[in-house]
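Chemist: got a sequence here, can you build the structure:
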Amino acid sequence: MHSELLKLPVYGMNCAACATHLETALNALSGITCEVNFALERAQINFKPDQKDQATLNDILCLLEKKGYQTDTETLTFEVSGWNCSSCSARTEKAFNKHPFTFNVRSNFASQKIQLQCIQGSIQKAQISTLSQQCGYVLTRLLKQNNKQQQALKLKKQKAENTKKQYYLIFALLLSAPFMINMLLMSLNKTDLLLSPWLAVFLATITQFFIGARFYKGAYHSLKNGAANMDVLICLGTSAAYFYSLYLLLSGIEHALYFESSSLVITLVTLGKYLESHAKKNTSNAITALMALRPDTASVKKGKKFVDVDIDDVQIGDIVQIRIAEKVPVDGIVIEGQSYLDESLLTGESKPLFKDKNKHVIAGSLNADGVLLIKTLNVGEGTRLNRIIALVEQAQMSKAPILQVVDKISAIFVPVVLLISIVTFCAWYFISGDFEQALLSSIAVLVIACPCALGLATPTAVLVGTGLAARNGILIKDIKTLQQAHKISTIVFDKTGTLTQGEGTITKVHSENAAPNAMLSQLLALQQGSQHPIAHAIKQYAQKNQIEASLVKNIKAVHGEGLYAQLIDPKDSPFIAGNLKMMHRFNVEIPQKLAINDLDSVVYLAVNEQFLGYICINDALRKTSIEAIRALQKRQLNTVLLSGDKQSVVQAIAKELQINAAFSELSPQQKLEKLIELQRGNVVAMLGDGVNDAPALAQADISIAMGTGSDAAKETASITLMRNDPRLVAVAIDISKATWIKINQNLFWAFIFNSLAIPAAAFGYLSPALAGAAMALSSITVLSNSLLLNKMKIKELT
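Modeler: Residues are numbered from 1 along each chain as shown. The predicted model follows:
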């Protein structure tokens, strides 16, 4: 089934002794032998066959991490053909989890995908093919870059599969139509017009073994792998009705045949599966729409001409021309031209955004009315579009804690139903002596019970919910976040760049012991590598006033306070810039009376412990901040502001926005401590940009990163807002709540359906044909209920 030898790259070994110690530790794990080569930086691991309690790849990776070493892993995603119910996906997941070269295997029945992690290059195509064949399904590798060619092949394959299903369904309906007419004639007592028994067996045989072949195939592979799924139930039920009817016919008893039961059940289940596949396709429309935004080609400058090249051949630094009505192929910065770009499918922003020189553009946005030249900053997987797709897919592949319970129920569901069916048959036969009623009731139990609705309940709601969030500029990292977001009781805000625009303007420059431009030149030198909004304001002011940066060295930051460095001229003089805490740290005395506006943030400057002056920066509130706070308070949420800025600024903002509590002049460590205090008895979310608030963001139950936040913050955040609008926090909470309501509704329906339908079938209230129709309806109901999430009116949420 698989190779027993795994070659594992190991990084971080400093000497041969490191390799020896690691080898000893790995060999201590159960069921493996290992050799570690320091020169090659590689561990060669042999998995002993048929070893009980054998160490898994996850155990090996945990040991490596504990010892401080790294390796190369990769995530592979496969599209699966042939899954008919959630137990199929669970069985495939279980099989892949047993493979020693894989870990963290996750399947999603709703999206028909399975995702696994492995050592880079360790899983070969042949191994996947062998393993998938043993499970009875076809797996197709999805490449990381979802280009148009791959998408076109996928759509072509889906179209061919849908056409095949359509033909099967039409054929099944034609074969079953005479049985439907027969049932109608029987209800009208027109027995002279009834279908010939031999014509009935002919039609039923084709339906049973041609249309129903996929159920037999699925049942075979399921039983071969030591499990039982929906296909087993359908095959047992319809086969019992078919072969019993055939026995009666061959015995000369023609008045009580049940060929219509077997044929109609297969037809109705086929119809249900066809409708289900169409509904499931609609649950992943968000991903499909995002993938469609990536163009095939880009117009790249080659010498003095622009040449259309394949999108995968564009390099960082290339000059790309964006013509009118074209989609932007890469992330970049405008170097020439101006236009309006539509980013609605990427950020949820409904209005086109104006772009001119030095403005950033993102791949997938649509150019409306002007020609732009942009310099490429990100390509391929590095573009924001591909990162959005990856995050949405990651969220959709994740599993909710409640799914662990559902999976356990699904695993025993079919055996329990088989037992109920046997008990039903025995009870009817031994109590009433009516063999035919016993048979029909037991068949109805087999047919009506299906784990599909149970398996679809959670993943379909998650698919639609995360897609809805993505269309509105909200990226939810995983289902755990989706589950927890609606439980939030307290929202903590950072100030700068979150509630304010993060694009401050310098309102005053005051110098006492230095020329203003010289002082600003030194300050500019300190800010060159900073992403803080204050640094942005200083850089803009310097550019406007043509101020060049001085030469400095050894720049160091004191988080939440400021920066310091050594000036080249005067030689090695310490230059300090920051708030009052920073000045006190370096024993700089600040004059008592300074003409500073209470609403301005202040940066004090000093050299050699001598006060030089200060600059005042005003950072205006976002226009949407007050609406965001009102929306959250309307939902009975407590709002808190944590800031490192001075008290007068923080209190003024808190008063204007009517925030419940505000804390000022906090260092990153103090923000963390305050957040831990707020978490006592509360579920706390924090909205920030990752600058000076990274520890608090990491501590929050749910961390929310702004679109302009640091890359690290967006990478680790539970939720990322793709546009800088704090109102989206309320939208995210409402989508979370609505999704979780749908999940609970779906699970309630699935449990109630089986709880009521199985007894009804057992007591003889449902015929096998009605049972088949009800079973198909149960899955379609769950899917339709999940799709209703798309009807949410987002504008009314805020």
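Chemist: which SSE is immediately downstream of the one helix or strand in the chain whose mean pLDDT sits lowest?
Modeler: Ranked by mean pLDDT, DSSP states H and E, the helix or strand of the chain with the weakest confidence is helix 711-716, at a mean of 66. Following helix 711-716 in sequence order, the next helix or strand is strand 719-721 (DSSP states H and E).
Chemist: what pairs with that following strand, and is each one parallel or antiparallel?
Modeler: strand 474-476 (antiparallel), strand 702-705 (parallel) (DSSP bridges).
Chemist: what about it, average pLDDT?
Modeler: For strand 719-721, the mean pLDDT works out to 89.
Chemist: and that strand, how far out from the chain's middle?
Modeler: 12 Å (Cα atoms, centre = their mean, to the nearest Å).
Chemist: how many residues are close by I211?
Modeler: By the criterion of other Cβ atoms under 10 Å, I211 has 21 neighbours. For glycine as for every other residue, the C-beta is placed from the backbone atoms N, C-alpha and C.
Chemist: who's in contact with it?
Modeler: Y168, F171, A172, L175, I266, T267, T270 (Cβ atoms under 8 Å, 6 or more residues apart in numbering).
Chemist: so which of those comes closest to A470?
Modeler: T270 (33.3 Å; Cβ to Cβ).
Chemist: just to revisit the earlier point, make a markdown table out of the strands paired with strand 719-721 and add distance to A219.
Modeler: Formatted as a markdown table, the strands paired with strand 719-721 follow (distance: least, Cβ to Cβ, whole Å):
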| stretch | distance to A219 |
| --- | --- |
| strand 474-476 | 37 |
| strand 702-705 | 44 |
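Chemist: Throw those into CSV and include mean pLDDT, thanks.
Modeler: Below are those laid out as CSV (pLDDT from 0 to 100):
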stretch, mean pLDDT
strand 474-476, 88
strand 702-705, 90
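Chemist: any chance of a markdown table for those strands, columns distance to A685 and mean neighbour count?
Modeler: Output for the strands paired with strand 719-721, formatted as a markdown table (distance: least, Cβ to Cβ, whole Å; neighbours: other Cβ atoms under 10 Å):
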| stretch | distance to A685 | mean neighbour count |
| --- | --- | --- |
| strand 474-476 | 12 | 27 |
| strand 702-705 | 4 | 27 |
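Chemist: looking at the ones you listed, spot the one closest to S625.
Modeler: Per Cβ to Cβ, nearest to S625 of the strands paired with strand 719-721: strand 702-705, 14.4 Å.
Chemist: how about residues contacting that closest one?
Modeler: With Cβ under 8 Å, 6+ apart as the criterion, strand 702-705 contacts 481, 484-485, 488, 683-690, 697, 713-714, 716-721, 729, 732.
Chemist: so L345 touches L293, yeah?
Modeler: Yes. Under the criterion of Cβ atoms under 8 Å, L345 makes contact with L293 at 6.1 Å.
Chemist: any residues in contact with both of the two?
Modeler: G364.
Chemist: please, where are all the helices along the stretch 501-650 of the chain?
Modeler: 516-526, 533-544, 580-585, 625-634, 647-657 (DSSP state H, counting those that start in this stretch).
Chemist: could you do the stretch 301-450 of the chain as well?
Modeler: For the stretch 301-450 of the chain, the helices defined by DSSP H, counting those that start in this stretch occupy 344-347, 384-397, 401-432, 435-448.
Chemist: dump those helices to a markdown table, plus mean pLDDT, distance to H532 and mean neighbour count.
Modeler: Rendered in a markdown table, the data for those read as follows (pLDDT from 0 to 100; distance: least, Cβ to Cβ, whole Å; neighbours: other Cβ atoms under 10 Å):
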| stretch | mean pLDDT | distance to H532 | mean neighbour count |
| --- | --- | --- | --- |
| helix 344-347 | 77 | 23 | 22 |
| helix 384-397 | 77 | 22 | 22 |
| helix 401-432 | 83 | 38 | 16 |
| helix 435-448 | 89 | 63 | 25 |
